[in-house]
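Enquirer: generate coordinates for the sequence data below:
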Amino acid sequence: MTTSSSLNARAPAAGTLRHDARVIGLVGLAHLISHFSQLLLAPLFPWLKDAFNVSYAELGFLMTIFFVVSCAVQAMAGFVVDRFGPRPLLFGGLALLGIAAFGYSLSTSYWMMAGFAVVGGVGNGVFHPVDYTLLNRKISPSRLGHAYSVHGITGSLGWALAPALVVTLTLAYSWRVALASAAVLVFAVLAILLVNREKLALKLASPDKGAPSVDGGLGFLKIPAVWVCFAFFFWYAMALSVVQAFAPESARQLHAVPLPLVAMCLTIYMVCSAGGMVLGGFLAADPMRCERIVGTGMGAAATVALLLALGRLEAWMVPVLFGVMGFVSGIAAPSRDLLVKRSTPENATGRVYGVVYAGLDIGQAVSPLIFGIMMDHGQYRGVLLGLALVQAVLIVSAFNVRRVRRVAVVAA
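Expert: Numbers count the residues shown, from 1 in each chain. From the prediction side, this is the model:
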């Protein structure tokens, strides 16, 4: 019979490389599934359009439902994380994503799909408060940059996996089989996390008298850095949305890029972004320079966007430049997350990350409204110039986080 003491003796101590690697891997796997679930429906729109006799606008509204619900839940989930810990919400979120995927596969009407989009949005909304609370509280400070790097990479891999899986299975079988298979994958990951649930256990923090007061639950909203970080992530999401939805087509129109090369642009961007995150994890080992890293990365990305907008480019150069833009943006990603970490009281991690990362969902909702109109009016150069402008705003926003934080320290 194995005793509790012997189990503790064999368990890696908190702060060791083995312990940190396991936690980072489990959190990263959950984050992969979150991003995977965000792109289950969009690649299947051609099939769903015929199946339910609806328009692309109606299908797009399913994604609007998903992200609006996710945004609302994300802000509220932070309070629950701080009150009950991140693990219950992590398991519940994964279960809801699996239920939503199965529900999609069984839907017999558009409104059934919409209902399960609500379920999926609720499940997706818990991940950022949960993930960053686990990473910030369980990972050694010296490895946080690497943890954020892996977290970003797994998210990108989730975005890449979804269309590859569901489109392949739809072509081979049907869209219903594809979505049911996606649900099986979600529940398989949930099972892995349940088996390793002890590694995700977290003792709730007691209030830190030296930290900014967050008494009363909403006290953290008085911290200026929270809202500066919210604004930063709003602009970050706007830039990412432009890259994902409009920048490749704008570059095609401006530089006569063949469709096969255009199709490669986003994939190359995401792969190079993942590579940049690896390097960014090492650079973020020193948290004192995170604003400079974000500023440099976003400045380089804005320069590439300007070149795409104003340069005279050969067609083959366009996907190369998308790769460069993805790499320099990826370098900034781990330091981007450290901006929030350095502005977060220990006893309000979930609440702060819930509010701050709600800026991502809002940015992704607003950006298509602005840049989609520009695309409809043929303002392709304006789309890329707008992308460069948003990336430049990110530079100012990053240094504004540092300024607000320093003012708070002086005032204290």
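
Enquirer: name the residues of stretch 105-121 that are buried.
Expert: Going by neighbour count (16 or more other Cβ atoms under 10 Å), the buried part of stretch 105-121 is 105, 107, 110, 113, 116-121. (C-beta placed from N, C-alpha, C; glycine too.)

Enquirer: so of those residues, which ones are in helices?
Expert: Counting by DSSP state H, the buried residues of stretch 105-121 place 105, 110, 113, 116-121 in helices.

Enquirer: turn the residues you listed into a markdown table, including distance to G359 and pLDDT.
Expert: Shown next, in a markdown table, are these (distance: Cβ to Cβ, whole Å; pLDDT from 0 to 100):
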| residue | distance to G359 | pLDDT |
| --- | --- | --- |
| S105 | 32 | 96 |
| Y110 | 30 | 95 |
| M113 | 27 | 96 |
| F116 | 26 | 97 |
| A117 | 21 | 95 |
| V118 | 21 | 96 |
| V119 | 23 | 97 |
| G120 | 20 | 96 |
| G121 | 16 | 93 |
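
Enquirer: need the residues you listed in JSON lines with distance to H151, can you?
Expert: Output for those, formatted as JSON lines (distance: Cβ to Cβ, whole Å):
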{"residue": "S105", "distance to H151": "29"}
{"residue": "Y110", "distance to H151": "34"}
{"residue": "M113", "distance to H151": "30"}
{"residue": "F116", "distance to H151": "27"}
{"residue": "A117", "distance to H151": "25"}
{"residue": "V118", "distance to H151": "26"}
{"residue": "V119", "distance to H151": "24"}
{"residue": "G120", "distance to H151": "21"}
{"residue": "G121", "distance to H151": "21"}
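
Enquirer: pull the distance from stretch 227-239 to the chain's centre.
Expert: The chain centroid and the centroid of stretch 227-239 are separated by 12 Å under Cα atoms, centre = their mean, to the nearest Å.

Enquirer: got the buried residues for it?
Expert: Here stretch 227-239 shows 228-239 as buried, counting by 16+ other Cβ under 10 Å.

Enquirer: just stretch 354-366 next, same as before
Expert: Buried residues in stretch 354-366, counted by 16+ other Cβ under 10 Å: 354-365.

Enquirer: could you do stretch 304-322 as well?
Expert: By neighbour count with 16+ other Cβ under 10 Å, stretch 304-322 contains the buried residues 304-309, 313, 317-322.

Enquirer: pull the most distant pair out of the residues you listed.
Expert: The span of the buried residues of stretch 304-322, defined through Cβ to Cβ, is set by L306 and P319 at 17.4 Å.
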